[in-house]
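Asker: Quick one: sequence plus predicted model below, questions after.
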Amino acid sequence: MLLNSFLNNVWLATGLWAIFYLIDYVLTLKAARMYHAGVSKHFTFAGGYELNPVFKEDIAGLRRFSFRFWLLLFFFGGLLLILHSLDVPELFAFVWGTLVCTQMAIHLRHIRNLTIFHYARDSNGMSGRIEYEHWLSLRLSSIELFSFSVLFLFLFLLWGNLFILGGAVGCLSLALRHLLDSTKERKTFLQSKP
């Protein structure tokens, strides 16, 4: 089974996650560039395009190099290496599933956003303008990630694989974080309105 090949080879597993993580940053940067280059005539994202506060400044500045990105890449890569060395394969499978499956859900969102931005750039199939408050962007992200969590949980119940359970927990964790941030920002937004 392909999954076992990754779970039995820490370098292959860590490398795959690192590639997903790198592609996530590249796709986020690509979408942010498209947004600044003309998509904003149809969409406005109050608070910026990036939802992760860790990378908000880097993405807003369209920075190709992000010290924070590399720091987190090495931190989580190191964490995977340490967990694998503990010789508790179930724990490694769960944590690796948390990281990889969450990235898979985020990549699907990137594909959707890039497709929408591609058509929006030339007003192809759309007109008008939509403005998203930052709290709403976070809320929509939370709902989407919660949906992926339910999907991964269903797959776990079918197959009982800890990698997939990790994906369910990872997506649920990020969904709850975005929900809490959304609730907090919405409250601030409503208090600032006259």
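Answerer: Perfect, I can see it now.
Asker: Surely L27 is in contact with H107?
Answerer: Yes: L27 lies in contact with H107 (Cβ atoms under 8 Å); the separation is 7.1 Å. Heads up, the C-betas are built off the backbone N, CA and C, glycines and all.
Asker: okay, the two: which has more neighbours?
Answerer: More neighbours surround L27 than the other of L27 and H107, with 17 against 14 (other Cβ atoms under 10 Å).
Asker: so the more buried one is in which element?
Answerer: helix 10-36 (DSSP states H and E).
Asker: same for that helix, what does it pack against?
Answerer: Contacts defined by 3 or more Cβ pairs under 8 Å, 6 or more residues apart in numbering; DSSP states H and E place helix 10-36 against helix 2-7, helix 56-60, helix 67-85, helix 89-121.
Asker: at 6 Å what do you get?
Answerer: Judged by 3 or more Cβ pairs under 6 Å, 6 or more residues apart in numbering; DSSP states H and E, helix 10-36 is in contact with helix 67-85, helix 89-121.
Asker: Buried residues in the last one, which are they?
Answerer: This means helix 89-121. Neighbour-count burial for helix 89-121, counted by 16 or more other Cβ atoms under 10 Å, picks out 92-103, 105-106, 109-110, 113, 116-117, 120.
Asker: and the angle from that helix to helix 10-36?
Answerer: Interaxial angle, helix 89-121 versus helix 10-36 (axes from the mean of the first three to the mean of the last three Cα atoms, to 10 degrees): 20 degrees.
Asker: Hey, what's the angle from helix 89-121 to helix 67-85? Just curious.
Answerer: Relative orientation of helix 89-121 versus helix 67-85 (the same axes, to 10 degrees): 150 degrees.
Asker: Output the helices and strands packed on helix 10-36 as CSV; include the columns distance to N161 and mean pLDDT.
Answerer: Output for the helices and strands packed on helix 10-36, formatted as CSV (distance: least, Cβ to Cβ, whole Å; pLDDT from 0 to 100):
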stretch, distance to N161, mean pLDDT
helix 67-85, 17, 96
helix 89-121, 7, 95
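Asker: and of those, who's closest to H42?
Answerer: helix 89-121 (4.5 Å; Cβ to Cβ).
Asker: Mind putting the helices and strands packed on helix 10-36 into a markdown table with distance to L138?
Answerer: Shown next, in a markdown table, are the helices and strands packed on helix 10-36 (distance: least, Cβ to Cβ, whole Å):
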| stretch | distance to L138 |
| --- | --- |
| helix 67-85 | 19 |
| helix 89-121 | 13 |
